[in-house]
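Enquirer: model this:
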Amino acid sequence: MSFGSTTYTHGEDASAQRLPEWLRRPLATPGQARAVETLLGELRLKTVCQSAKCPNRGECFAEGTATFLIMGDACTRDCRFCAVESRTPEPLDADEPRRVAAAAKRMGLAHVVVTAVTRDDVSDGGAAHFAAVIAALRAAVPEATIEVLTSDFGGSEESVDVVAAARPDVFNHNIETVPRLYEHVRPGADYQRSLRVLARVRETGEQMPTKSGLMLGLGETAEEVRDVMRDLRAVGATLLTLGQYLRPGTTHLPVDRFVEPDEFTQLEAEARDLGFRGVASSPYVRSSYHAREMCQETTSR
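Expert: Presented below is the predicted three-dimensional model:
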């Protein structure tokens, strides 16, 4: 497989070009979107759908689903691909776990995804807060499955252990891109440290599915993507998401190129050959897009 039937010169912003046909989609029908937004506002909750300007948020809100963003809407890191604002965060809100659980119950969620900003300012990176949210969800929606998408906790294995011990049904930590691009895309992060988060979860809970994801279109090569997939399998990751990077704003990294749908299809086949039990690979895939279906695919085998 060769990445790059459409090419752009170095530094050219593909995101400023006309979107290719496969990235054009109809607007979602209103559905429950307004009700979801009203509920989130009432409970003073954030979603990554809104904060990260996810292109699927209209669809997901219309279907009555959302990915909860806990620990505030300000991040202590400044990844160049992310729309979440980097600034000094507010103190953790001790009542937030209760409100997240209340929202999940009122929305009737069968699969709850919880993610967070990176909180390097907190001694445990927010691990205990994650555990409190999981506990509150277990009490409020005991039949629901729970998926967490965490930071790297600054490399603290103790923090990883705290979240894993709370027994989410899926533990997700995104690798995001290939090692060569880390300094450019994820300053403050470390490729091996991210792999170690996933490895640690498997060491302490062998049966817990672990998940990770990459953005494509940042300048990676096909072989680099394959190497990352092999690395993820080597640390026991069982679920994988691959999606097209889209530039959130003019201050973020430009799109290097738009990856064609057949390339995503081929990568999915290769990932399954490597042993991933659940794979979502297409231009609009994001970490928690159709997460319930992927969780069901894994647990049904």
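
Enquirer: show me where the stretch 201-301 of the chain has its helices.
Expert: When secondary structure is read from DSSP state H, counting those that start in this stretch, the stretch 201-301 of the chain shows helices at 222-234, 261-274, 291-299.

Enquirer: dump those into CSV; add distance to E96 and mean neighbour count as well.
Expert: Using the backbone N, CA and C atoms, a C-beta is placed for each residue, glycine as well. Output for the helices of the stretch 201-301 of the chain, formatted as CSV (distance: least, C-beta to C-beta, whole Å; neighbours: other C-beta atoms under 10 Å):
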stretch, distance to E96, mean neighbour count
helix 222-234, 31, 17
helix 261-274, 35, 16
helix 291-299, 21, 18
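
Enquirer: which regions of the chain sit below the pLDDT cut-off?
Expert: In the prediction, the chain carries residues with pLDDT under 70 at positions 1-17, 24-33, 46-66, 298-301.

Enquirer: just want the most central residue of it.
Expert: Among the residues of the chain, the one closest to the centroid is S287, at 3.4 Å (C-alpha atoms, centre = their mean).

Enquirer: ok, residues contacting stretch 217-237?
Expert: Outside stretch 217-237, the residues within contact range by C-beta atoms under 8 Å, 6 or more residues apart in numbering are 1-3, 14, 81, 175, 177-181, 185, 195-196, 198-199, 201-202, 210-212, 214, 216, 240, 242, 244-245, 253, 255-259, 263, 267, 270-271, 274-276.

Enquirer: select only the buried ones of those in PyMOL?
Expert: Buried members of those, defined by 16 or more other C-beta atoms under 10 Å, are picked up in PyMOL with:
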select buried, resi 3+14+81+175+177+178+179+181+185+195+196+198+199+201+202+210+211+212+214+216+240+242+244+245+253+255+256+257+258+259+263+267+270+271+274+276
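
Enquirer: tell me which of the contacts of stretch 217-237 fall in strands.
Expert: Cross-referencing those against strands under DSSP state E gives 210-212, 214, 216, 240, 242, 244.
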